[in-house]
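> Mind folding the following:
(one chain, ligands or ions: 1)
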Amino acid sequence: MTIDAKRLRHDLETLASFGADGDGGVSRPSFSIADGEARAWLRARCDEAGLSYHEDVAGNIFMRLDGTDPDAAAVWTGSHLDSVPNGGRLDGALGVIAGLEVVRSLAERGGSLTRPVEAVSFADEEGGYLGFLGSKAVAPGLSFDDIRGAVGRDGRRLISVMTEAGFAPERIHEAQIAPASVHAFVEMHIEQGVVLEDAGVDVGVVSSIVGVGRCAIEFKGRPDHAGTTPMHLRRDAMRGAAALLTQVGDLPGRVGAPNAVITCGRLDLHPDAYNIVPGRVWLGFDIRDQDRSAIEAIEAALIDLAQDAARPHDLEVMHHHESLTDPTPLDERIAKITREAADEVGASWRDMPSGAGHDAQVVAPVLPTGMVFVPSVDGRSHSPLEHTAWEDLATGTSVLYGVVEHLATTGLP
Ligand SMILES: [Zn+2]
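Sure, this is the predicted structure:
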């Protein structure tokens, strides 16, 4: 094996101790004390391995092995150190530690890489303060104004926490890279779904990251006394909402996009009391697919369905479109190199989209970008139950090694 599987496991276990919750979960938001401890530990690991360690003004980390050509563009591999509250040990952490393991193994192998290789950790991917902060800062588009207004889950301002952690939000523009300075970026991540596990496949070669549509449906009826209003005279907004929700599961199939997913994850009910017939219900929907037009078709069908559900209860329906993030295709050349690297180490692979968002989608418009997935046991993620077999982690990291080595020597065609 090209990588050291024991060291990989040791480092993943050590990293999981920073911000450990005691139930197997991890709470390690960016710029927290636990995040600072993890950074100090990574710096020491780089010293031991003879890699240079650098942090930019946004709090991104770069762990670097120089190449023979000092002017060559770097190959990046990495993910994010931060976790959601009481999240798992692997989401993000795996990509950072696997990246470190690959760079360290390349350094030990000796020989000559043309291009420098850097294991990267992007700050605040999970949005404790501002989702994808680090990757947005390196790609063009993030300004100090965006940071100025950001307030975290903890109620604190991003500016304050970044400054206290030793970073420089007012100079965020300095984190932006010249796209020509990076040859390619490869992110390894747990799948966070059951596709690989169900198929018994070792690695996923990610073809694209799904688009996300957000919208709300509001039913308006009439609040009335719950004791004195006969059933046939009610305009109960909750009954319209309930009728709609029983049918949304059919929408992807109905518009011919069976792999699309739709979730009603938010509900706001008024007046929200035992003794009042609900006068207003607001439902928030998240719709995802690889194809933008499928997301739009599902949103349109959702409105029709809501109108049908409202009619028997004499309700008004309002639709609020909130946002639509385009699906992001990843670089097919990197996908091909990944399939070959998997074949090389005898790992089985399949092409697949990512249903979750990743730093890769933020940098993909400016850098050739690829992603490698490893299986998630039971598809569990953002939970202390997040788990991947150690053997699968080692196999995935070996594949990543092959991809990064290829990119650092032969490079993209
Ligand atoms: Zn992640």
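> residue contacts, K136?
L130, L142, D146, V362 (CB atoms under 8 Å, 6 or more residues apart in numbering). C-betas here are computed from N, CA, C, even on glycine.
> residue ranges with poor pLDDT in this protein?
The model of the chain has pLDDT under 70 over residues 1.
> does the closest residue to H406 other than its chain neighbours sit in a helix or strand, and which one?
Excluding the flanking residues, the one nearest H406 by CB to CB, 6 or more residues apart in numbering is I337, at 5.1 Å. Under the criterion of DSSP states H and E, I337 resides in helix 332-344.
> neighbouring strands for the following helix or strand past that helix, and are they parallel or not?
Past helix 332-344, further along toward the C-terminus, the next helix or strand under DSSP H and E is strand 349-354. If you go by DSSP bridges, strand 349-354 pairs up with strand 203-209 (parallel).
> Now do the buried residues in the partner strand.
Neighbour counts over strand 203-209 (16 or more other CB atoms under 10 Å) mark V203, G204, V205, V206, S207, S208, I209 as buried.
> so what's the nearest residue to P29 once chain neighbours are set aside up against?
Ranked by CB to CB, 6+ apart and with sequence neighbours excluded, the top spatial neighbour of P29 is G128, at 3.6 Å. Listed by CB under 8 Å, 6+ apart, the contact set of G128 reads P29, S30, F31, S32, D82, G152, R153, D154.
> shouldn't the first one be in contact with D35?
Yes - the pair P29 and D35 passes the contact test of CB atoms under 8 Å, sitting 6.6 Å apart.
> ok so, going back, between the buried residues of strand 203-209, which is closest to the ion?
I209 (11.6 Å; CB to the ion).
> How about the contacts made by the closest one?
For I209, the contact set (CB under 8 Å, 6+ apart) comprises P327, T328, L330, P353, S354, A356, G357, H358, A360, Q361, A364, M371.
> cutoff 6 Å now
If you count contacts by CB atoms under 6 Å, 6 or more residues apart in numbering, I209 has them with T328, S354, Q361.
> What separation do you get for it and G24?
28 Å (CB to CB, to the nearest Å).
> swap in T229?
49 Å.
> What's the ChimeraX syntax to select whichever of the contacts of G128 are buried?
Burial among these is assessed by 16+ other CB under 10 Å; the matching ChimeraX selection reads:
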select :29,30,31,32,82,152
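> check the contacts of G128 against the ion, which are close?
By CB under 5 Å from the ion, no member of these lies near the ion.
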